[in-house]
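Colleague: Have a look at this prediction, sequence included:
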Amino acid sequence: MLLLPKQHPIHRQDYYYYFTSQSGHYQTDRNTLRNFINYLRADRGVSQRTIETYFAAMASFFGYLEYERYIEKNPVYEVRKRYLQKYKDNDDGQVRKLISVEEMAKLINLTMGVRDRAIISLLAKTGIRRNELIKLDVDDINWIEQSIRLKPTAKRTNRTIFFDDETALVLHRWIKSSEEARKKFKTKALFISNKGGRLNRNGVYLAVTRPAEKIGLHNPDSKRMEDHFSPHCCRHWFTTHLRRAGMPREFIQELRGDVRKEAIDIYDHIDKKELRESYLAHVPQLGI
């Protein structure tokens, strides 16, 4: 009988109920996992985020079983991708907030702090993830090519991103205003906290949500996803508005750094110069 560790985030009674038979032997398949999702929603009443946490932990657990050859294939990935994503994007109102180009311009231009204005601008204009932004150093910026070399992560393939003149302007302002603090605390971090250390995840979250709340784009008290404007909404905004502007899908995927699904694919044939020119031609201008 296969047991979860005591510290495992999935409730042990849930595991026993759905993943062991009456005889105590391990059993699972696509239908079992799908029923488990329904059980968590209907019987347990847990949130979507909690369900996603469950399945992330289960993917890791069953991945171990696959690696040790206890099972032939990890059944979690396919179910999680199909049924959880479908649930998130259906018509129940739980969709990620998308703001207009005009609203993004208003958000950035009404953000008082130069650091927070630079954070929102960079997130919106490049589509990078919060963790990628946190790890940035000043030396990662190539001002001549107006590009940034990201730190390697498991979620990203292409590590070179581009920025336009508007973003360059706000980044210059922030770096110049923070030079003394960076020297004082001996850090190369692009974005630093008020205490001098590298800005953390919560700091980035507050840098985006506080100004968004002031102009009515973020409601922290609402339980509906579309009432919240988080740092990841900037990535959603970046992707959607580039697509609406007519940028080729493969270029958008390259800029987003989406993980490649095949060993040899379209990404390997994208010219960096052509990609940069396409980016500058399609990225929305915000009057920063």
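Modeller: That came in fine, so what should we check first?

Colleague: And the strands in this protein?
Modeller: For the chain, strands defined by DSSP state E occupy the ranges 141-142, 147-149, 160-162.

Colleague: of all those, which lies closest to Leu33?
Modeller: For Leu33, the closest of the strands of the chain is strand 160-162, at 35.9 Å, according to CB to CB. C-beta coordinates here come from the backbone N, C-alpha and C atoms, glycine included.

Colleague: Determine the set of other helices and strands touching that closest one.
Modeller: With contacts defined as 3 or more CB pairs under 8 Å, 6 or more residues apart in numbering; DSSP states H and E, the secondary structure elements packing on strand 160-162 are strand 147-149, helix 272-282.

Colleague: what's the closest of the strands of the chain to Lys186?
Modeller: Closest of the strands of the chain to Lys186 is strand 141-142, at 19.0 Å (criterion: CB to CB).

Colleague: that older thread, could you redo the helices and strands packed on strand 160-162 as a markdown table and give each row mean pLDDT and distance to Asp164?
Modeller: What follows is the helices and strands packed on strand 160-162, written out as a markdown table (pLDDT from 0 to 100; distance: least, CB to CB, whole Å):
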| stretch | mean pLDDT | distance to Asp164 |
| --- | --- | --- |
| strand 147-149 | 97 | 11 |
| helix 272-282 | 94 | 6 |
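
Colleague: Single out the most deeply packed of those.
Modeller: Using mean count of other CB atoms under 10 Å, the stretch among these with the greatest mean number of neighbours is strand 147-149 (a mean of 18).

Colleague: Which elements pack onto it?
Modeller: strand 141-142, strand 160-162.

Colleague: So what are the sheet partners of it and their directions?
Modeller: Strand 147-149 has its sheet partners listed here by DSSP bridges as strand 141-142 (antiparallel), strand 160-162 (antiparallel).

Colleague: Check the offset of the shortest one from the chain's centre.
Modeller: The chain centroid and the centroid of strand 141-142 are separated by 22 Å, computed with CA atoms, centre = their mean, to the nearest Å.

Colleague: So which residues lie in contact with it, not counting its own?
Modeller: Counting by CB atoms under 8 Å, 6 or more residues apart in numbering, the neighbours of strand 141-142 from elsewhere in the structure are Ser147, Ile148, Arg149, Leu171, Leu190.

Colleague: swap in the longest one?
Modeller: Residues lying outside strand 160-162 but in contact with it, judged by CB under 8 Å, 6+ apart, are 126-128, 145-150, 255, 257, 272, 275-276, 279-280.

Colleague: Run through the helices of the protein in chain order.
Modeller: 12-19, 30-38, 48-67, 76-79, 85-88, 101-110, 114-126, 130-134, 165-177, 179-184, 201-214, 231-244, 249-256, 272-282 (DSSP state H).

Colleague: Adding distance to Asp140, write those out as CSV.
Modeller: Shown next, in CSV, are the helices of the chain (distance: least, CB to CB, whole Å):
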stretch, distance to Asp140
helix 12-19, 43
helix 30-38, 40
helix 48-67, 29
helix 76-79, 32
helix 85-88, 32
helix 101-110, 22
helix 114-126, 12
helix 130-134, 10
helix 165-177, 11
helix 179-184, 14
helix 201-214, 16
helix 231-244, 19
helix 249-256, 16
helix 272-282, 17
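
Colleague: Just say which of the ones you listed is most tucked in.
Modeller: Looking across the helices of the chain, the stretch whose mean neighbour count is highest under mean count of other CB under 10 Å is helix 114-126, at a mean of 24.

Colleague: packing partners for that helix?
Modeller: Counting contacts by 3+ CB pairs under 8 Å, 6+ apart, the secondary-structure elements packed against helix 114-126 are helix 101-110, helix 130-134, helix 165-177, helix 201-214, helix 231-244.
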